[in-house]
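Colleague: Fold the following for me, if possible:
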Amino acid sequence: EVQLVESGGGLVQAGGSLRLSCAASGFTFDGYAIGWFRQAPGKEREGVSCITYNDGTTYYADSVKGRFITTNDNAKNTVYLQMNSLKPEDTAVYYCAADRGRVVTIKASHWGQGTQVTVSS
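Modeller: Below you'll find the predicted structure:
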């Protein structure tokens, strides 16, 4: 069964850091792009970052640029989202998604279950 398994969410104070993980199960990320999305209460799901797995090219939303870093670990078939200098407005459910190619959109083929990130002020 093809799955994306996320972990690493939690509660953190403003200015703190968290690292989210997205592991592939039942397939490999080879040839895929993996994206991180988030959805806050009452808001639409928005893209946060994207990484092209094979060459590590990354893209970031302006709201997280300079604070969030997406990396991949080929040996573990896992993608990470390192979130630094967190702000209360980063509070949301975070999802990873994967699709073949170099970018991933809201219409991605595979989605994780989501993990809650809460940043207190």
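
Colleague: can we go C-alpha only for contacts and neighbour counts from here?
Modeller: Noted.

Colleague: so is the residue minimising distance to the centre of the chain in a helix, a strand, or just coil?
Modeller: Taking Cα atoms, centre = their mean, the centroid of the chain lies closest to Trp36, which sits 2.8 Å from it. Of the three states, Trp36 takes strand under DSSP: H, G, I helix; E, B strand; the rest coil.

Colleague: Make sure it is actually in contact with Val93.
Modeller: No: with contacts defined as Cα atoms under 8 Å, Trp36 does not count as touching Val93, sitting 10.4 Å away.

Colleague: what bridges to the residue nearest to the centre of the chain?
Modeller: Residues in a beta bridge with Trp36, per DSSP bridges, are Ser49, Cys96.

Colleague: let's number from 44 now, not from 1
Modeller: Noted, 44 is the first residue going forward, which turns the last one into Trp79.

Colleague: where does it sit relative to Leu129, distance-wise?
Modeller: With distances defined as Cα to Cα, to the nearest Å, the gap from Trp79 to Leu129 amounts to 16 Å.

Colleague: for Val55, same thing?
Modeller: 8 Å.

Colleague: Looking at the two, which is more packed in?
Modeller: When Val55 and Leu129 are compared for neighbours, Leu129 comes out ahead with 23 against 18, by other Cα atoms under 10 Å.

Colleague: Over to the more buried one. Which of the three states is it?
Modeller: Using three-state DSSP as the criterion, the local structure at Leu129 reads coil.

Colleague: now do Ser106
Modeller: With three-state DSSP as the basis, Ser106 sits in coil.

Colleague: now Ala118
Modeller: Following three-state DSSP, we place Ala118 in the helix state.

Colleague: okay, it: pLDDT?
Modeller: pLDDT, the model's per-residue confidence, is 90 for Ala118.

Colleague: picking up where we left off before, which residues are in contact with both of Val55 and Leu129?
Modeller: Taking Cα atoms under 8 Å, 6 or more residues apart in numbering as the contact definition, Val55 and Leu129 share the neighbouring residues Val162.
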